[in-house]
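J.: Output the structure for:
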Amino acid sequence: MGSGIVVHSDQSASMAQLQEALAQVKTRLDLVEEALQPRCQHVTIVAFSGDMDRLYAALAIATGAAAMGMKVSVFFTFWGLNAIRKRRVLKGKGLCQALISLLLPSGPHHLPTSRFNMLGIGPRFFGYLMRKGRLSNVPGLIETARQAGVRLVACQNTVELMGIRPDELIEGIEFGGVATYLMDAARSKVSLFI
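T.: This next block holds a predicted model:
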């Protein structure tokens with residue numbers, strides 16, 4: 001005669017159901033707790049345009065997001081690469097790539113505006129207004145972005161296509177392709193194409 005508790009099969013089934021229900025409740029509570037945890041937001045921006053005002057907007061958003069504690073990546077491709085060029089180099093390039101270099105602005109200080117370019121006067125006019133309003137220009141925003149930890153990525157394919165050498169770009173730039181952009185965009189809450 002032992003002093004054990006006898007569990008009938010009906011009670012065993014009820015206990016198993018209770019344990020299963022408790023496991024489901026725990027899983028749901030874990031999901032709610034995870035949803036309530038503060039997450040670091042990610043922002044990914046494709047800087048495609050080579051226009052001063054559009055690049056200004058892209059970089060203003062990037063630096064603003066970084067200031068809010070978000071992780072930010074700016075992927076520069078095609079004409080957007082002009083924002084991160086520091087100089088024009090023709091030596092050692094083939095005819096087509098040298099021609100592209102001559103036709104593109106030699107850096108962020110020489111970018112046109114998307115509207116009211118007025119044969120090149122527009123960027124100077126807007127530059128004057130920005131200085132008067134104590135606003136940063138594109139090179140200033142690039143520097144602010146770098147200091148804020150914004151990840152600046154140059155599109156490797158476009159760099160090669162246009163014959164832009166790494167020494168033509170500002171320091172601290174990463175190189176990446178479509179996969180680099182897509183991995184950043186996949187974890188981003190905000191993804192912009194400017």
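J.: Distance-wise, check the nearest residue to Lys71 once chain neighbours are set aside relative to Leu152.
T.: Using CB to CB, 6 or more residues apart in numbering and skipping residues adjacent in sequence, the residue nearest Lys71 is His42, 4.9 Å away. (C-beta placed from N, C-alpha, C; glycine too.) Distance of His42 to Leu152, given as CB to CB, to the nearest Å: 15 Å.
J.: Which one's more surrounded, the two?
T.: Leu152 (22 against 18; other CB atoms under 10 Å).
J.: so what does the strand or helix carrying that one touch, helix or strand wise?
T.: Assigned by DSSP states H and E, Leu152 belongs to strand 151-155. The contact analysis (3 or more CB pairs under 8 Å, 6 or more residues apart in numbering; DSSP states H and E) places strand 151-155 against strand 71-76, helix 138-147, strand 174-176, helix 178-186.
J.: among the ones you listed, which is nearest Ala13?
T.: Of all the helices and strands packed on strand 151-155, helix 178-186 sits nearest to Ala13, with 44.3 Å by CB to CB.
J.: Between strand 71-76 and that closest one, find me the angle.
T.: With axes from the mean of the first three to the mean of the last three CA atoms, to 10 degrees defining the directions, helix 178-186 sits at 140 degrees from strand 71-76.
J.: I'd like to know which elements helix 178-186 is packed against.
T.: Counting by 3+ CB pairs under 8 Å, 6+ apart, helix 178-186 packs on strand 42-47, strand 71-76, strand 151-155.
J.: Out of these, which is closest to Arg124?
T.: Closest to Arg124 of the helices and strands packed on helix 178-186 is strand 42-47 (CB to CB; 22.2 Å).
J.: That closest one versus strand 151-155: what angle between them?
T.: 40 degrees.
J.: Which strands and helices lie in contact with strand 42-47?
T.: helix 52-67, strand 71-76, helix 178-186, strand 190-193.
J.: picking that back up, who wins for proximity to Pro112 among the helices and strands packed on strand 151-155?
T.: helix 138-147 (11.7 Å).
J.: Can you say which of the helices and strands packed on helix 178-186 is nearest to Ser188?
T.: Minimum separation from Ser188 across the helices and strands packed on helix 178-186 (CB to CB) falls at strand 42-47, 4.0 Å.
J.: and the residue nearest the centre of the chain, what does it touch?
T.: In the chain, the residue lying closest to the centroid (CA atoms, centre = their mean) is Ser73, at 2.3 Å. Residues counted as contacts of Ser73 (CB atoms under 8 Å, 6 or more residues apart in numbering) are 42-45, 150-151, 153, 181, 184, 188.
J.: which among the residues you listed gets closest to Leu99?
T.: Val153 (25.9 Å).
J.: And for that closest one, the neighbour number?
T.: 23.
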